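Chemist: the amino acid sequence is not available; the structure is as follows:
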């Protein structure tokens, strides 16, 4: 089991970027945990994007949300944009799977 310090080391602890898909590390009386859905920081509150509801959690760290390939949303968008610009539709399918 990862220690609190090891978990926090994998996340940013500074001010989060506004309105971006983020993965957040939370803490309660049982320990630390990562929410299994995208979250975003908006107007000084954390929002869970599945239902767009404010979250009542203690956030101790954040990092960019990664898609199933391990790439962040921004990295994935850049990869898809690059493929679209080449006009290779077959490659687009491979990149998205």
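Modeler: Received it, and whenever you're ready, just let me know what you need. For clarity, every value in this text was computed on a predicted model and none was experimentally measured. Residues are numbered from 1 along each chain as shown.

Chemist: so what's residue 23 bridging to?
Modeler: Note on residue 23: beta-bridge partners by DSSP bridges are residue 63.

Chemist: my read: it touches residue 39, true?
Modeler: Yes: Residue 23 is within contact range of residue 39, at 7.3 Å (criterion: Cβ atoms under 8 Å). (C-beta placed from N, C-alpha, C; glycine too.)

Chemist: of the two, which one has the most company?
Modeler: Legend: neighbour count by other Cβ atoms under 10 Å for residue 23 and residue 39, higher for residue 39 (23 against 19).

Chemist: leaving out sequence neighbours, find the closest residue to the more buried one.
Modeler: Spatial nearest neighbour of residue 39, excluding adjacent residues (Cβ to Cβ, 6 or more residues apart in numbering): residue 24 at 4.9 Å.

Chemist: rewinding a little: what's the overlap in contacts for residue 23 and residue 39?
Modeler: residue 62 (Cβ atoms under 8 Å, 6 or more residues apart in numbering).

Chemist: now do the contacts for the residue nearest to residue 39.
Modeler: The neighbours of residue 24, taking Cβ under 8 Å, 6+ apart as the test, are 11, 34-35, 39, 46, 57, 59, 61-62.

Chemist: okay, domains of the chain per the record?
Modeler: The chain resolves into domains spanning 1-65, 66-97 when parsed by automatic domain parsing.

Chemist: ranking the ones you listed by mean pLDDT, which is last?
Modeler: Lowest mean pLDDT of the domains of the chain: domain 66-97, a mean of 52.

Chemist: among the contacts of residue 24, which ones are buried?
Modeler: With burial judged by 16 or more other Cβ atoms under 10 Å, the buried subset of those is 11, 35, 39, 46, 57, 59, 61-62.
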